[in-house]
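Novice: A predicted structure for the sequence below; I have some questions about it.
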Amino acid sequence: MNEKYEDMLYLEPPVSKIHRKMSISERAAQFMPFAALTGYEDLIRESSRITQRRIELSETEIE
């Protein structure tokens, strides 16, 4: 390890004097997926849905 920064390994993490400590649920919310386009995922799911019956060919029709 670089001796220049070795003393930093043993320092306490900084604590803000202005902001209160966030709860675990508040911290988790920071990493939740962001849906910039509301409803877009539903639209994609609907457009990829099969809406017609599949036509099954007999052995003779395949040849």
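Specialist: Cool, got the structure. Numbering: from 1, shown residues only.
Novice: could I get the pLDDT score of M1?
Specialist: We note a pLDDT of 62 for M1 in this prediction.
Novice: which helix in this protein has the most residues?
Specialist: Using DSSP state H, we find that the single longest helix of the chain is helix 40-48.
Novice: just how off-centre is the helix or strand that that one is followed by within its chain?
Specialist: Next in sequence after helix 40-48, counting helices and strands by DSSP states H and E, comes helix 59-62. From the chain centre to the centre of helix 59-62 is a distance of 46 Å (C-alpha atoms, centre = their mean, to the nearest Å).
Novice: what does stretch 46-53 give?
Specialist: Its chain's C-alpha centre and that of stretch 46-53 lie 26 Å apart, by C-alpha atoms, centre = their mean.
Novice: gap between L43 and R49?
Specialist: According to C-beta to C-beta, to the nearest Å, L43 and R49 sit 11 Å apart. Any C-beta I mention is one placed from the backbone N, CA and C, and that applies to glycine too.
Novice: of these two, give the one with the bigger neighbour count.
Specialist: Using other C-beta atoms under 10 Å, the more surrounded residue of L43 and R49 is L43, with 10 against 7.
Novice: so how far is T51 from that one?
Specialist: Distance from L43 to T51, by C-beta to C-beta: 14 Å.
Novice: do the same with E59
Specialist: Distance, E59 to T51, using C-beta to C-beta: 27 Å.
Novice: burial count for E63?
Specialist: By other C-beta under 10 Å, the residues close to E63 number 6.
Novice: try I62
Specialist: Applying other C-beta under 10 Å, we find 7 other residues in the vicinity of I62.
Novice: distance check, K17 against I24.
Specialist: With C-beta to C-beta as the criterion, K17 and I24 are 22 Å apart.
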